[in-house]
Each structure stands twice: as structure tokens, then as C-alpha cells.
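Enquirer: this one's sequence-less:
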């Protein structure tokens, strides 16, 4: 007995989005490692790698506030809108504390 190929289950559509970004020193243009990146709502956080990059995946489509904090720099935040099956950019240029 052969199965009809039109009866195969299809992959469910992607209902989530992503945020990708990088944290950079505003004066030198160098990436900042070990910055704490916090996503709200949800409270998820990550620490940037040596390349200053971070990403949040499988996010519900909505507005998020991202806060970046690292020793020696002024904290920064921005609002990002995540859309279904898209990558929202969230890059930060941090200024050193006086």
C-alpha cells in the first residue's frame, strides 16, 4: 500500500522571531566582550562573546526592551520590535564612563 505524498506532514510555520546584535565601543569601534544584555519582558539575559555579539532566538512577535550593561561604560537601552520569521537588529555603541 502506497501513501499519498500529499498526506505528508508539513513543517509547522515558524511563529517566532530573533534579535541579533553587537556591542561596540563608540570611540574605538572595538567590540565589547562580557557585556550583560537583558531582554524585557521575559528577563532573559546573555553575556556577549569576545566578538561583542549576542542573539535571542524563538521570541514571540512583540516589542522588547534590551538593556546593555558592562563595567566601565554607561548602560544603554533600546526598544526593538520582533516580527514572525525575521531577525531584528539591535546594535549598541557604548560610551565609556568618565
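Expert: Sure thing, it's come through. Keep in mind that what you see is a predicted model, and the values were worked out from it rather than measured.
Enquirer: unless I'm mixing things up, residue 33 is touching residue 49, no?
Expert: Yes. Taking Cβ atoms under 8 Å as the contact criterion, residue 33 and residue 49 are neighbours in contact, 6.3 Å apart. Where C-beta positions appear, they are placed from N, C-alpha and C, glycine not excepted.
Enquirer: can you give me the strands in this protein?
Expert: For the chain, the strands defined by DSSP state E occupy 17-25, 36-40, 45-47, 53-59, 63-69, 76-81, 87-89, 92-94.
Enquirer: so which bits of stretch 22-33 are buried?
Expert: 22, 23, 24, 25, 31, 32 (16 or more other Cβ atoms under 10 Å).
Enquirer: and those residues, which is closest to residue 53?
Expert: For residue 53, the nearest member of the buried residues of stretch 22-33 is residue 22. The distance, counting by Cβ to Cβ, is 5.0 Å.
Enquirer: for the closest one, give me its contacts.
Expert: Counting by Cβ atoms under 8 Å, 6 or more residues apart in numbering, residue 22 touches 31, 48, 51, 52, 53, 54, 91, 92.
Enquirer: out of those residues, what pair is the most spread apart?
Expert: By the measure Cβ to Cβ, 51 and 92 form the most distant pair in the contacts of residue 22, at 13.6 Å.
Enquirer: these two: who's more crowded?
Expert: Neighbours per residue, other Cβ atoms under 10 Å: of residue 51 and residue 92, the larger number sits with residue 92, 24 against 11.
Enquirer: find the centremost residue of the protein, please.
Expert: Against the mean C-alpha coordinate of the chain, by Cα atoms, centre = their mean, the closest residue is residue 19 at 3.0 Å.
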